[in-house]
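In: generate coordinates for the sequence data below:
(chains A, B, C and D)
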Number of protein chains: 2
Amino acid sequence: MSHQRWDYAALMRERGFRVTPQRQLILDAICEGGGHTTPEEVYERVRAKSPAVNRATIYRTLDFLCELRLVVAADVGNRRMVYEIAGDTPHHHLVCRTCGKVEQISHETVKALFAKIEREQEFTVDMDHLALFGLCPKCRRAELRGKR
Amino acid sequence: MSHQRWDYAALMRERGFRVTPQRQLILDAICEGGGHTTPEEVYERVRAKSPAVNRATIYRTLDFLCELRLVVAADVGNRRMVYEIAGDTPHHHLVCRTCGKVEQISHETVKALFAKIEREQEFTVDMDHLALFGLCPKCRRAELRGKR
DNA sequence: GCAGTAATTGCATCTGTTCGCAATAGCGGA
DNA sequence: TCCGCTATTGCGAACAGATGCAATTACTGC
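Out: Numbering: from 1, shown residues only, chains lettered A, B, ... in the order given. From the prediction side, this is the model:
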């Protein structure tokens, strides 16, 4: 359950970066979130343990962790980003425009599209977290009923 | 070439919204852009004709036009949005992470994925402008050569 | 264990975007 | 054509996120 197992510290040092308390706190905060954590949530959680940490550090560190691929960022629309510990298997999300519910879809499902694009246009799509918007079954049924 | 043909004015009134000079200027500004227009560009163009228009109005109106589906918004990464007149055919974009170049892909190509998601999870994906990130052919080749 | 060095942080500041509220001005009806 | 209602605007301020710079501090080699 913990992120200790990746030995992220070694990974950072290996590449010439430093392991700082801030970075560990921020990584912890994303872990705690389980699912998708917003920068603001990270800030709150970090701040609860160490009130001196600056907002700018949060943003810089989130970018940094993404570059290291320890964390993945997902755009959930409305220019809002959420962060998540990079799991072993990439996966994607379906976000309901109406109720906001988030469902997962496997990478398998979208792989076919990426392969097709590769074949047809030689463009290598490289997204480990795609967010697709639409209507969940429940809201779609409600919408159909609602049409006068 | 003009957007007059949609009779957007009637569309707005029909739904109880008002047709204001600001909205017309903003629509014009998006049209002028041809391709993808940023809020800042819209602001500049509108301001050139009518300097009193407020920034907040630009943002509110862009959202409004998106809701009316007269305009589509696309997230081109880095939390930046661009706006475009809603054409007859939805299309999507491939954005190169390295050089930033934007290629188009047809709706046909992605339709298969949406249909699959519909079948498998009953979720109706409803995106008329999807942006996929990755490497364009040129940059991918450069990257392969660059690997030591 | 200590000192040097460069990566990282905090601070102050700036930019782009959103929001509440009072003033303005489209639109429908008389 | 004028009036009233309320959608919309402009304004000011708040807000999230980015950035340049000086101070701090984690790591390396002694």
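In: which bits of chain A sit near DNA strand C?
Out: A:12, A:16-18, A:20, A:22-23, A:52-54, A:56-57, A:60-61, A:64, A:78-79 (C-beta under 7 Å from any atom of the strand). Every residue, glycine included, has its C-beta placed from N, CA and C.
In: write the PyMOL selection for whichever of these are buried.
Out: Only the buried members of the residues of chain A next to DNA strand C end up in this PyMOL selection, burial being decided by 16 or more other C-beta atoms under 10 Å in any protein chain shown:
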select buried, chain A and resi 12+22+23+53+57+61+64
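In: just the ones of the residues of chain A next to DNA strand C in helices?
Out: For the residues of chain A next to DNA strand C, membership in helices holds for A:Met12, A:Gln22, A:Arg23, A:Ala56, A:Thr57, A:Arg60, A:Thr61, A:Phe64, with DSSP state H as the criterion.
In: need the max-distance pair from those residues.
Out: Farthest pair in those (C-beta to C-beta) is A:Met12 and A:Ala56. Separation: 19.4 Å.
In: care to break chain A down by domain?
Out: When chain A is parsed into structural domains using automatic domain parsing, the resulting residue ranges are A:1-87, A:89-148.
In: can the last one be found next to chain B?
Out: This means domain A:89-148. Yes - using C-beta under 8 Å from any C-beta of the partner chain as the criterion, contacts between domain A:89-148 and chain B involve A:94, A:96-97, A:103, A:105, A:109-110, A:112-114, A:116-117, A:120-127, A:130, A:132-137, A:140.
In: mind checking which of those are buried?
Out: A:94, A:96, A:103, A:105, A:109-110, A:113-114, A:116-117, A:121, A:123-125, A:127, A:130, A:132-136, A:140.
In: related to what we said a few turns ago, quick one, which of the domains of chain A gets closest to B:Val42.
Out: Among these, the nearest to B:Val42 by C-beta to C-beta is domain A:1-87 (16.0 Å).
In: just the mean pLDDT for that closest one, thanks.
Out: Averaged over domain A:1-87, pLDDT sits at 90.
In: which parts of chain A are helices?
Out: Using DSSP H, helices in chain A cover A:8-14, A:21-33, A:39-49, A:55-67, A:107-121, A:137-146.
In: nothing else from me, thank you.
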